[in-house]
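Peer 1: Sequence and computational prediction follow.
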Amino acid sequence: MLVDSWPLYGLTISTPQLELRLPHEEELAELAHLAGKGVHRADERPFLTPWTDGSPEDRARAVLQGCWSQLGDWSVAAWQLGLGVFRDGNPLGMVTLRANDFPVVREVATAAWLGLEHQGKGYGTHARVGLLTLAFDHLGANAALTEVFQNNHSSQGVSRKLGYEPDGISVDARDGEALVSDRLRLTRERWTQQSRPDVQIDGIAACLPMFGL
């Protein structure tokens, strides 16, 4: 069984609306096709890494390669957990929880994309709550971080609704342009003060050694 060698395939995060888990090959192909159809409006560029700039085929391949590289490069010192977001078995997008030196630093970062047709329905918030429940309640994180362009109002709104607070700015270069992002931080204390949907996480015990826990 694949899950015997790679326990993360047995990890499932369930919210009242969504299921988050590693996609199997056919599901990954569906997610890649979904990304190919678009994850933002043509006049937007919400990602620092411009993986959505090319053709639909380019976007689909970027999703495939990203998932494969996350699995292949996994280590306790540096990991990225990219999970498919599903509703009633249908793929909506992907979310990622990542960390470096987590057993010592105890901080994680999150990222996400949803297919255009699935945006504006609250799925992004539910998916982020699922990731944060894993990080804080099961992995023992002390803080969750995110960086968001200042004009990305939807992502800013999700973060602030969940209790993230300003943590400075970062400036990065993309195509010869300096881009300013807000750094936002959610502490364990703020997390415990937030009301949020119930989340069930299955299969975590077998995964803990992969996180160095």
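Peer 2: That came in fine, so what should we check first? Numbers count the residues shown, from 1 in each chain.
Peer 1: in the one helix or strand in the chain whose mean pLDDT sits lowest, what's buried?
Peer 2: Across the helices and strands of the chain, mean confidence by mean pLDDT, DSSP states H and E is lowest for helix 153-161: a mean of 83. Buried residues in helix 153-161, defined by neighbour count with 16 or more other C-beta atoms under 10 Å: 155-156, 158-159. From N, CA and C alone the C-beta is placed, and that goes for glycine too.
Peer 1: Tell me which two in those residues are the farthest apart.
Peer 2: 156 and 158 (7.5 Å; C-beta to C-beta).
Peer 1: sorry, back to before: strand partners of the helix or strand just after the least confident helix or strand of the chain, parallel vs antiparallel please.
Peer 2: Once the chain leaves helix 153-161, the next helix or strand it forms, by DSSP states H and E, is strand 165-174. Sheet pairing of strand 165-174 (DSSP bridges) gives strand 177-187 (antiparallel).
Peer 1: Pull the following helix or strand past the partner strand out as PDB, backbone CA atoms only.
Peer 2: Using DSSP H and E, the helix or strand that directly follows strand 177-187 along the chain is helix 188-193. Output in PDB follows, covering the C-alpha atoms of helix 188-193 (Å, rounded to 0.1, in the frame of the first residue of the first chain):
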ATOM      1  CA  ARG A 188      -1.200  30.400  18.600                       C
ATOM      2  CA  GLU A 189      -2.800  32.700  21.200                       C
ATOM      3  CA  ARG A 190      -4.800  34.500  18.500                       C
ATOM      4  CA  TRP A 191      -5.800  31.200  17.000                       C
ATOM      5  CA  THR A 192      -7.200  29.900  20.200                       C
ATOM      6  CA  GLN A 193      -9.400  33.000  20.600                       C
END
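Peer 1: Which strands or helices does the following helix or strand past helix 188-193 pack on?
Peer 2: Using DSSP H and E, the helix or strand that follows helix 188-193 towards the C-terminus is strand 200-202. The contact analysis (3 or more C-beta pairs under 8 Å, 6 or more residues apart in numbering; DSSP states H and E) places strand 200-202 against strand 12-14.
Peer 1: gap between residue 54 and residue 206?
Peer 2: 38 Å (C-beta to C-beta, to the nearest Å).
Peer 1: Ok, residue 60 next?
Peer 2: For residue 60, the distance to residue 206 - C-beta to C-beta - is 31 Å.
Peer 1: quick one: which of those two has more around it?
Peer 2: Each of residue 60 and residue 206 has its neighbours counted (other C-beta atoms under 10 Å); residue 60 has more, 19 against 15.
Peer 1: Can you dump the C-alpha atoms of the helix or strand hosting the more buried one in PDB for me?
Peer 2: In this assignment (DSSP H and E), residue 60 forms part of helix 56-72. C-alpha atoms of helix 56-72 as PDB (Å, rounded to 0.1, in the frame of the first residue of the first chain):
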ATOM      1  CA  PRO A  56      -3.400  26.700 -20.100                       C
ATOM      2  CA  GLU A  57      -0.900  23.800 -20.800                       C
ATOM      3  CA  ASP A  58       1.900  25.700 -19.000                       C
ATOM      4  CA  ARG A  59      -0.300  26.200 -16.000                       C
ATOM      5  CA  ALA A  60      -1.300  22.600 -15.900                       C
ATOM      6  CA  ARG A  61       2.300  21.400 -16.100                       C
ATOM      7  CA  ALA A  62       3.300  23.800 -13.400                       C
ATOM      8  CA  VAL A  63       0.800  22.200 -11.000                       C
ATOM      9  CA  LEU A  64       2.000  18.700 -11.900                       C
ATOM     10  CA  GLN A  65       5.700  19.600 -11.500                       C
ATOM     11  CA  GLY A  66       5.000  21.500  -8.300                       C
ATOM     12  CA  CYS A  67       3.200  18.600  -6.700                       C
ATOM     13  CA  TRP A  68       5.900  16.100  -7.800                       C
ATOM     14  CA  SER A  69       8.700  18.200  -6.600                       C
ATOM     15  CA  GLN A  70       7.100  18.700  -3.200                       C
ATOM     16  CA  LEU A  71       6.900  15.000  -2.700                       C
ATOM     17  CA  GLY A  72      10.300  14.300  -4.100                       C
END
